[in-house]
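In: Sequence plus the predicted model coming up.
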Amino acid sequence: MSANSDDGRQNAGEGGQSDDAERRATDKFISDLLARGEAVFEGEEPTPRTTHVVKRGDGGRLTVRRLRFFGG
């Protein structure tokens, strides 16, 4: 029985690391889109290359929404 409770504690700790890793991956994805000129922040004028719009939510968390596909 103690092995099961140990596994539960270990999984709970990994969840926090997973959330942190997911946030870093999202931030990297958005950063790369902005660097390539494929994204603009909400309220900015999209360019012909803009495929995504980035919105800053409560707490400063960034979210991204696909605007269109770029066929160039």
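Out: Great, that's in hand.

In: so where do the helices sit in the chain?
Out: Ranges of helices in the chain, per DSSP state H, are 2-35.

In: which regions of it sit below the pLDDT cut-off?
Out: The chain contains residues with pLDDT under 70 at 1-15, 71-72.

In: Alpha carbons of stretch 34-45, as PDB, please.
Out: Output of stretch 34-45 as PDB, limited to C-alpha atoms (Å, rounded to 0.1, in the frame of the first residue of the first chain):
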ATOM      1  CA  LEU A  34       6.700  37.200 -33.100                       C
ATOM      2  CA  ALA A  35      10.300  37.000 -34.200                       C
ATOM      3  CA  ARG A  36       9.300  35.700 -37.600                       C
ATOM      4  CA  GLY A  37       6.700  38.400 -38.000                       C
ATOM      5  CA  GLU A  38       3.900  35.800 -38.100                       C
ATOM      6  CA  ALA A  39       2.100  37.200 -35.000                       C
ATOM      7  CA  VAL A  40       1.000  40.500 -33.600                       C
ATOM      8  CA  PHE A  41      -0.400  41.500 -30.200                       C
ATOM      9  CA  GLU A  42      -4.200  42.000 -30.000                       C
ATOM     10  CA  GLY A  43      -5.100  45.600 -31.100                       C
ATOM     11  CA  GLU A  44      -2.100  45.900 -33.500                       C
ATOM     12  CA  GLU A  45      -2.600  46.000 -37.300                       C
END
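
In: Just the residues contacting it, thanks.
Out: 30, 33, 46-47, 49-56, 64, 70 (C-beta atoms under 8 Å, 6 or more residues apart in numbering). C-beta: built from backbone N, CA, C; applies to glycine.

In: Dump those residues to a markdown table, plus neighbour count and distance to Gly16.
Out: What follows is these, written out as a markdown table (neighbours: other C-beta atoms under 10 Å; distance: C-beta to C-beta, whole Å):
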| residue | neighbour count | distance to Gly16 |
| --- | --- | --- |
| Ile30 | 17 | 22 |
| Leu33 | 18 | 26 |
| Pro46 | 13 | 36 |
| Thr47 | 11 | 38 |
| Arg49 | 12 | 37 |
| Thr50 | 17 | 34 |
| Thr51 | 18 | 32 |
| His52 | 18 | 28 |
| Val53 | 18 | 29 |
| Val54 | 17 | 25 |
| Lys55 | 12 | 25 |
| Arg56 | 11 | 23 |
| Val64 | 16 | 23 |
| Phe70 | 11 | 36 |
